[in-house]
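**Q** Generate coordinates for the sequence data below:
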Amino acid sequence: MKTMLILGASRGLGLGLAAEYLARGWNVIGTIREGSPGGLPSLADDRLRIETLDITDAGQLAALRTRLAGVVVDLLFVNAAITNGNVPAAEVPTEEFVDVMVTNVLSPMRAVEALAELVPPTGTIAVMSSRQGSITMNTNAGYEVYRASKSALNQLMKSYAVRHASDPRTLLLVNPGHVQTELGGPGAVRTVEEAVPPIVDTIEKRSGEPGLQFVDYENQVVPW
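**A** Next comes the predicted model:
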């Protein structure tokens with residue numbers, strides 16, 4: 001039985017992914033922030049292990065790594081992002097800019113570095129990205145700091161992949177498309193229930209391919 005570890009599983013796509021992998025027979029370790037369990041406990045499955053983690057807290061990340069010592073994680077999925085709204089970058093307060101970058105860029109990379117040793121050579125490390133991180137596909141502007149954070153995340157994952165060029169594991173940046181989540185808004189074209197199965201199918205299809213790919217939920221390569 002395979003095991004997936006998903007960071008950020010209290011709601012939205014993270015919760016949907018946890019539920020889908022449980023439905024497909026996997027063991028799931030899902031993280032929530034203290035005091036914010038969301039819907040994860042309601043899944044109530046004996047194959048579900050819930051851990052507490054604030055991904056922006058390096059100490060909590062190190063503690064999670066210690067608690068998971070000896071666990072083999074076939075899929076590590078880092079799902080963490082916030083947005084500051086649709087504001088031109090020059091108008092964003094410094095603290096707000098830093099908050100977005102720490103949450104969306106630095107913290108996911110720290111998580112990958114801290115937890116990668118749990119993933120075997122046949123495993124997959126996936127990080128939730130966005131088409132808004134694609135410079136090529138930026139044709140309508142807006143949400144500038146969020147876009148910049150996802151572009152920076154893509155760049156750092158590329159640097160990680162280059163630094164680990166001989167690593168046989170699959171590395172994925174996943175664009176989930178426009179989904180009805182807190183980030184995507186109620187006007188998004190697909191619900192979480194509609195969006196999640198194709199994402200999981202794409203991850204399964206890419207499994208076993210070494211190196212880094214930036215792909216969408218339909219398994220199409222997204223231009224950088």
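**Q** residue ranges of the strands in the protein, please?
**A** 3-7, 27-32, 48-52, 75-78, 124-128, 170-175, 211-216 (DSSP state E).
**Q** mind listing what the fifth one pairs with, with the direction of each?
**A** Which is strand 124-128. strand 75-78 (parallel), strand 170-175 (parallel) (DSSP bridges).
**Q** Format the strands of the chain as CSV; extra columns: mean neighbour count, distance to Val98 and mean pLDDT.
**A** C-betas here are computed from N, CA, C, even on glycine. As requested, those are exported to CSV (neighbours: other Cβ atoms under 10 Å; distance: least, Cβ to Cβ, whole Å; pLDDT from 0 to 100):
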stretch, mean neighbour count, distance to Val98, mean pLDDT
strand 3-7, 24, 20, 98
strand 27-32, 25, 23, 97
strand 48-52, 16, 24, 97
strand 75-78, 25, 20, 98
strand 124-128, 25, 20, 98
strand 170-175, 23, 23, 97
strand 211-216, 19, 25, 97
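**Q** Nearest approach to Pro223 belongs to which of those strands?
**A** The closest of the strands of the chain to Pro223 is strand 211-216. By Cβ to Cβ, the value is 7.9 Å.
**Q** send the alpha carbons of the closest one over as CSV?
**A** C-alpha atoms of strand 211-216 as CSV (Å, rounded to 0.1, in the frame of the first residue of the first chain):
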residue,chain,number,x,y,z
GLY,A,211,13.5,15.1,-13.7
LEU,A,212,11.2,18.2,-13.4
GLN,A,213,8.1,18.9,-15.5
PHE,A,214,5.6,21.8,-15.3
VAL,A,215,2.3,20.2,-16.2
ASP,A,216,-1.4,21.0,-15.9
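**Q** just checking, what packs against it?
**A** Applying 3 or more Cβ pairs under 8 Å, 6 or more residues apart in numbering; DSSP states H and E, we find strand 211-216 packed against helix 144-163, strand 170-175, helix 192-206.
**Q** deepest of the ones you listed, which one?
**A** strand 170-175 (a mean of 23; mean count of other Cβ atoms under 10 Å).
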